[in-house]
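>>> coords please:
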Amino acid sequence: NGFVDSTLWTSGTDILNVTFTAPGIYSVKLKIISNTNCGHDSITKTICVLPIPNAAFSGLSTACAPQTQSLTNLSNTLGACDTTYYKWAVLGNSVCTPTSGNAAFTLGTDSNSINPALLFTASGDYEVSLITSNMCGIDTAVQHVIIKEKPEVSLDSIPPFICINIPFNPSAIIKDCYGTSTYLWTMTGSNIPSSTLQIPGTIYYTTPGTYTITLAVTNECGTTTVSQNIIVYALPPVNLNPYSGVCADANSFSLSGGTPTSGGTGYYSINGVMVNSFNPNSSGVGTFPVVYTFTDNNGCVNSDTSTITVNPLPVAIVTPGEICINDSIQIGSANTTGYTYNWSSNPASIVSPISNPFVSPTITTLYTLIVTISATGCDDTASNTVIVNPLPIANAGSDDSICLGGSATIGTNSIIGNTYLWTSSPTG
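Numbers count the residues shown, from 1 in each chain. As a prediction, this is how the structure comes out:
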């Protein structure tokens with residue numbers, strides 16, 4: 001109790017239990033006096049009271065790489081009276097390259113420094129941790145920080161060459177690297193010269209040549225610009241000569257007349273079906289579009305169309321008949337405007353240009369008619385026979401004289417198929 005005179009001391013215990021409520025360096029003194037009053041002695045001990053670790057730090061902030069950030073250790077163990085250990089660690093992951101991010105200790109510091117400095121050279125979501133430990137325990141503080149960088153960009157879906165008027169949709173693979181991006185497409189010469197949309201839409205070129213497509217992507221950390229050339233080819237000049245009209249009874253024929261025939265491949269089609277020939281007999285009457293499609297060695301496709309007209313045939317009509325010699329009969333049909341008629345017979349007895357002539361053959365005759373449509377030249381032929389029957393011969397026999405009341409036989413033997421009618425003058 002501080003008195004020199006030991007008789008005035010207050011006795012204490014030989015074992016002292018002390019509870020410290022605050023960290024620091026404390027001195028504890030023990031005084032002792034013998035029970036024989038032969039003197040006294042004292043001893044002083046120093047006690048280091050350590051805090052239970054509470055790890056903490058500051059200094060991280062969102063920024064653009066490359067970026068150096070100095071960290072400040074705020075742990076409650078700083079300045080403690082005994083050894084404290086500090087261990088820093090950095091883990092990163094990134095949507096950009098490299099996917100693990102890239103961070104390292106710098107400015108002469110390392111993972112055991114009290115206040116280290118970190119150099120972030122790539123974008124990412126980084127986890128920075130501090131482990132603080134001493135003989136009283138261990139504690140960990142963890143913070144996250146986003147490090148940005150300018151976008152990563154590569155063009156996609158842009159062909160190296162294309163043909164005029166062929167649409168396509170340019171696009172790009174864009175990694176914003178934790179920033180907020182804006183876009184500027186430059187597509188000079190196309191139907192959309194520029195666009196600020198991430199996907200600019202469907203474009204095409206109408207003039208052959210070499211063009212450049214450029215995309216600039218900008219965020220808080222800068223601009224990345226990428227470009228690609230595209231060659232635009234002209235379409236091959238394609239021509240299909242006109243087809244002459246054909247008659248419905250024409251023979252099948254090969255399709256031709258399309259040019260060019262070299263420097264690529266060509267084919268003919270009708271109603272979307274590839275064909276090599278055309279058969280009027282199976283197509284029927286009508287107008288049929290024929291398309292010649294040619295693909296050149298650059299892959300550019302062009303086509304031309306012509307038509308084949310299949311004209312109808314006229315109908316030739318020859319009426320059969322049966323007449324008596326010296327009679328006449330009409331053997332055709334009514335006239336059709338625009339038709340021509342050409343008659344012939346066997347045996348030869350008629351040459352007529354009218355549609356429905358009268359004929360008076362003296363013997364059985366085969367008549368043939370060719371009818372032609374003047375505008376198209378299509379014709380039809382028909383034949384039929386007119387049978388000519390001879391006149392019967394009436395024979396009453398020789399003149400004769402008989403007596404009154406007598407009889408006489410007149411006429412000849414009957415012929416099968418004939419009918420007979422007798423009359424007399426005067427009646428008798």
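>>> please make it C-alpha for all contacts and neighbour counts, starting now.
Fine.
>>> ok, Leu217 touching Leu197?
In this structure residue 217 is Val, not Leu. No - at 10.6 Å, Val217 does not count as touching Leu197 under the criterion of CA atoms under 8 Å.
>>> comparing those two, which shows the higher neighbour count?
Using other CA atoms under 10 Å, the more surrounded residue of Val217 and Leu197 is Val217, with 24 against 11.
>>> still on that earlier bit, who touches both of Val217 and Leu197?
Listed as contacting both Val217 and Leu197 by CA atoms under 8 Å, 6 or more residues apart in numbering are 183-184.
>>> got a list of contacts for stretch 160-169?
Residues contacting stretch 160-169 (CA under 8 Å, 6+ apart): 157-158, 200-208, 229-235, 299-300.
>>> among these, which are in strands?
Judged by DSSP state E, strands contain the following of the contacts of stretch 160-169: 229-233.
>>> Produce a PyMOL select command limited to the buried residues of these.
In PyMOL, this line selects whichever of these come out buried by 16 or more other CA atoms under 10 Å:
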select buried, resi 230+231+232+233
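>>> now the ones in strands among the contacts of stretch 160-169 as a markdown table including distance to Ser181?
Formatted as a markdown table, the ones in strands among the contacts of stretch 160-169 follow (distance: CA to CA, whole Å):
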| residue | distance to Ser181 |
| --- | --- |
| Asn229 | 24 |
| Ile230 | 26 |
| Ile231 | 29 |
| Val232 | 30 |
| Tyr233 | 34 |
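>>> circling back to that earlier point, buried ones among the contacts of stretch 160-169?
Buried, going by 16+ other CA under 10 Å: 158, 200, 203-205, 208, 230-235, 299-300, out of the contacts of stretch 160-169.
>>> okay, Thr84: pLDDT?
Per-residue confidence at Thr84 stands at 95 (pLDDT).
>>> what is the burial count for Gly92?
By the criterion of other CA under 10 Å, Gly92 has 21 neighbours.
>>> low-confidence stretches in the stretch 1-150 of the chain?
Residues of the stretch 1-150 of the chain that meet the criterion pLDDT under 70 lie in 1-12, 35-37.
>>> do that again at 50, thanks
Scanning the stretch 1-150 of the chain for pLDDT under 50 picks out the ranges 1.
>>> residues touching the closest residue to Gln330 other than its chain neighbours, list them.
For Gln330, the nearest residue in space outside its immediate sequence neighbours is Phe358; the separation is 4.3 Å by CA to CA, 6 or more residues apart in numbering. For Phe358, the contacting residues are 328-331, by CA under 8 Å, 6+ apart.
>>> just the buried subset of those, please.
Using 16+ other CA under 10 Å, the buried members of the contacts of Phe358 are 328-329, 331.
>>> which one of the residues you listed is nearest to Gly264?
Among the buried ones among the contacts of Phe358, Ile331 lies closest to Gly264 (CA to CA), at 59.5 Å.
>>> how about the closest one: what's its closest non-neighbour residue?
Closest residue in space to Ile331, ignoring its immediate chain neighbours: Thr319 at 4.6 Å, by CA to CA, 6+ apart.
>>> what distance do you get for the one you found to Thr210?
Remark: distance between Thr319 and Thr210 (CA to CA, to the nearest Å) = 75 Å.
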